[in-house]
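Engineer: No sequence on hand, only this structure:
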């Protein structure tokens, strides 16, 4: 099953700056061969269910290894069976209606 | 890795009433032996990472099988390595400070 | 416009324990006369749009006053025009289908 | 109080295609003079608290006027008092650590 998710990982107990942790997640997602798009409040990720969630798990493991005792993450998760829709399709579909 | 998640599954393309679909998810979560607590905007779930996400995947598969062509889900996901904390612990911790 | 929201407020830069901050939010919500239900990963809140979001803003202000330099919050927000539906209605609707 | 939010508005009861509704929200956000960035699973918005949430309310009103009987929205919301940080700052901060 193909999924599109929006992932926002927030380590707690390590101060206010979280970009070092987010950067490590980006590396994990890239190494997993997943299509991603970083934005200001998370990362869009596209791929097969198991590959995507395996990478999300690896992100949690890595951030704990880096010293964060607690993590709270928010995920939006979309699946559809009627048609294939990429990240670019979704953005383009809105933009076409704006023009 | 132990996780606590808050799951809110929303089928699209099947009208405004979603409780039939949510009820099927509740059954899947119970059948998976997971500890759950249903509230008005989602379900708290506690368990091992793989068991929890395997059940979430089964929920998506089931809702598509029931006829929903599209699903958008929101998940909050917490892990911690400093100590074990149950759902009841989290609520009690806030309530103690209110009394 | 009547809303139901699920609010999860996470202060950053104050360590791993957040229940003191959450308890202060609970007080603000109660003082605002809003109907609430605390669960293990947030708080369900029911009320008029402006009253609810005014209280959410007050929660952020209060948590910053308490010393948290950064806050990341997750809100699920539902509105409907077809009928009035309370928190209890939503839970009951699912539970009826389970029995 | 300055906020950064990530907004994802999902109308229910209007079929599987939601881009027409999302496009109307984009117009409302632009008309409100807010800084925005559309991505594949939501829109980043930056501005003053009251201006941002007033626009979000207007989005819900508009989508109901367009015929959607129910809306479920997810919002991530960040505030900080230690420093000013734009959307571009957040992305740059992660990208610098990747290079």
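Structural biologist: Alright, I've got the coordinates. Please read all numbers here as calculations on a predicted model, not as lab measurements.

Engineer: Thought residue D:94 was touching residue A:26, still the case?
Structural biologist: Yes - counting by CB atoms under 8 Å, residue D:94 is a contact partner of residue A:26 at 6.5 Å. For glycine as for every other residue, the C-beta is placed from the backbone atoms N, C-alpha and C.

Engineer: Give me the common contacts of the two.
Structural biologist: Taking CB atoms under 8 Å, 6 or more residues apart in numbering or on different chains as the contact rule, the neighbours common to residue A:26 and residue D:94 are residue A:38.

Engineer: What strands flank the host helix or strand of residue A:75, and is each parallel or antiparallel?
Structural biologist: Assessed by DSSP states H and E, residue A:75 sits inside strand A:70-80. Using DSSP bridges, the strands paired with strand A:70-80 are strand A:2-12 (antiparallel), strand B:70-80 (antiparallel).

Engineer: any idea how far stretch A:12-19 is from the chain center?
Structural biologist: 18 Å (CA atoms, centre = their mean, to the nearest Å).

Engineer: circling back to that earlier point, which one of the strands paired with strand A:70-80 lies closest to residue D:52?
Structural biologist: strand A:2-12 (17.9 Å; CB to CB).

Engineer: May I see the buried residues of the closest one?
Structural biologist: For strand A:2-12, the neighbour count (16 or more other CB atoms under 10 Å in any protein chain shown) marks A:3, A:4, A:5, A:6, A:7, A:8, A:9, A:10, A:11, A:12 as buried.

Engineer: quick check, nearest of those to chain D?
Structural biologist: Distance to chain D across the buried residues of strand A:2-12 (CB to the nearest CB) is lowest for residue A:6, with 3.8 Å.

Engineer: Now for the closest one: which residues touch it?
Structural biologist: Contacts for residue A:6 (CB under 8 Å, 6+ apart) come out as A:42, A:43, A:44, A:45, A:75, A:76, D:6, D:8, D:39, D:40, D:41, D:42.

Engineer: Surely residue A:37 is in a strand?
Structural biologist: Yes - checked against DSSP: H, G, I helix; E, B strand; the rest coil, residue A:37 lies within a strand.

Engineer: which of the contacts of residue A:6 tops the neighbour count?
Structural biologist: Within those, most neighbours by other CB atoms under 10 Å in any protein chain shown means residue A:45, with 28 neighbours.

Engineer: Please, which helix or strand holds it?
Structural biologist: Using DSSP H and E, residue A:45 sits within strand A:42-48.

Engineer: Each with direction, which strands does that strand pair with?
Structural biologist: Strand A:42-48 is paired, per DSSP bridges, with strand A:2-12 (antiparallel), strand A:35-39 (antiparallel).

Engineer: Tell me what residue A:78 is bridged to.
Structural biologist: Applying DSSP bridges, one finds that residue A:78 bridges with residue A:4, residue B:72.

Engineer: circling back to that earlier point, how about the strands paired with strand A:70-80 in TSV, adding mean pLDDT?
Structural biologist: Below are the strands paired with strand A:70-80 laid out as TSV (pLDDT from 0 to 100):
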stretch	mean pLDDT
strand A:2-12	98
strand B:70-80	98
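
Engineer: Put together a markdown table for these, with distance to residue B:90 on each row.
Structural biologist: Shown next, in a markdown table, are those (distance: least, CB to CB, whole Å):
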| stretch | distance to residue B:90 |
| --- | --- |
| strand A:2-12 | 13 |
| strand B:70-80 | 9 |
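
Engineer: which regions of chain A lie under the pLDDT threshold?
Structural biologist: Regions of chain A meeting the criterion pLDDT under 70 are absent.

Engineer: 90 - rerun?
Structural biologist: A:99 (pLDDT under 90).

Engineer: if I pick the residue nearest the centre of chain A, what's in contact with it?
Structural biologist: Centroid-nearest residue in chain A: residue A:7, 3.4 Å away (criterion: CA atoms, centre = their mean). For residue A:7, the contact set (CB under 8 Å, 6+ apart) comprises A:25, A:42, A:43, A:45, A:56, A:59, A:73, A:74, A:75.

Engineer: what about the closest residue to residue A:20 other than its chain neighbours, which helix or strand?
Structural biologist: Leaving aside its chain neighbours, residue A:20 sits nearest to residue D:97 (5.8 Å; criterion: CB to CB, 6 or more residues apart in numbering or on different chains). For residue D:97, the host element (DSSP H and E) is helix D:87-98.

Engineer: Residue A:35 - how many residues pack around it?
Structural biologist: 15.

Engineer: Give the bridge partners for it, please.
Structural biologist: Residues in beta-bridge contact with residue A:35 (DSSP bridges): residue A:46.

Engineer: Please report how far it lies from chain D.
Structural biologist: 10 Å (CB to the nearest CB, to the nearest Å).

Engineer: need the contact list for that residue.
Structural biologist: A:45, A:46, A:47, A:87.

Engineer: go on, residue A:92?
Structural biologist: So residue A:92 contacts nothing (CB under 8 Å, 6+ apart).

Engineer: quick revisit: could I get the contacts of residue A:35 as JSON lines with distance to residue B:67?
Structural biologist: Converted to JSON lines, those look like this (distance: CB to CB, whole Å):
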{"residue": "A:45", "distance to residue B:67": "27"}
{"residue": "A:46", "distance to residue B:67": "24"}
{"residue": "A:47", "distance to residue B:67": "25"}
{"residue": "A:87", "distance to residue B:67": "26"}
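
Engineer: Can you get me a residue count around the spatially closest residue to residue A:82 that is not a sequence neighbour?
Structural biologist: In space, residue A:82 comes closest to residue B:69 once its chain neighbours are excluded; the distance is 3.9 Å by CB to CB, 6+ apart. Close neighbours of residue B:69, defined as other CB under 10 Å, add up to 17.

Engineer: thought residue B:69 was touching residue A:81?
Structural biologist: Yes - between residue B:69 and residue A:81 there is a contact under CB under 8 Å: 5.4 Å.

Engineer: Let me know the distance separating residue A:66 from chain D.
Structural biologist: Counting by CB to the nearest CB, the gap from residue A:66 to chain D is 12 Å.

Engineer: what about that residue, neighbour count?
Structural biologist: 12.
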